[in-house]
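[1] Starting from these lines, generate the structure:
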Amino acid sequence: MHEMALAESILTTLQEQARQHDYTRVRTVWLEIGPLASVEEQSLRFSFDVVVKGTLADGARLEIETTPTQAWCLPCSRSVAIARRFDSCPECGGHQLQMTSGDELRIKELEVD
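    Presented below is the predicted three-dimensional model:
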């Protein structure tokens, strides 16, 4: 389950940011997760709760926002929405698409003390 490793990485980032910005408690973490990031939301929530026990984020709320999947179509020079990797362009049917979003996992915002 790679969600545990993701939760540990999130905690490491929170701890590093706490040292840099001088805060002692994290109340809420907002994440942006793309549908193609291969993250199981419930597993990540469970893993996060386990990993943050006894840390500056103990009891923190985890808010997850799903980002849209977008790609740049080279033949028609448009940004298009796609459902899965390797889909064809919904505008021209081309297969020369460059992913621009949808596979990310990032901390968007924090509420801290």
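
[2] Give the buried residues for the longest helix seen in the chain.
    Longest helix of the chain, by residue count under DSSP state H: helix 2-21. Applying a neighbour-count criterion of 16 or more other CB atoms under 10 Å, one finds 3, 6-7, 10-11, 14, 17-18 buried in helix 2-21. Using the backbone N, CA and C atoms, a C-beta is placed for each residue, glycine as well.

[3] again with stretch 59-67
    60, 62, 64, 67.

[4] can you tell me the average pLDDT over it?
    Averaging pLDDT along stretch 59-67 yields 96.

[5] circling back: list the contacts of the longest helix of the chain.
    Here helix 2-21 makes contact (CB atoms under 8 Å, 6 or more residues apart in numbering) with 23-24, 26, 29, 31, 38-40, 43-44, 46-48, 50-52, 55-57, 105, 107, 110, 112.

[6] Restricted to strands, list these.
    Applying DSSP state E to the contacts of helix 2-21, the entries found in strands are 26, 29, 31, 105, 107, 110, 112.

[7] Neighbour count, pLDDT and distance to Ile82 added to those residues, as TSV?
    As requested, these are exported to TSV (neighbours: other CB atoms under 10 Å; pLDDT from 0 to 100; distance: CB to CB, whole Å):
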residue	neighbour count	pLDDT	distance to Ile82
Val26	24	98	34
Val29	23	98	28
Leu31	22	98	22
Leu105	17	95	18
Ile107	13	97	25
Leu110	18	97	30
Val112	18	97	36
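
[8] list the contacts for the nearest residue to Cys92 once chain neighbours are set aside?
    Among residues not flanking Cys92 along the chain, Cys76 sits closest, at 4.3 Å (CB to CB, 6 or more residues apart in numbering). By CB under 8 Å, 6+ apart, the contact set of Cys76 is 89, 91-92, 94.
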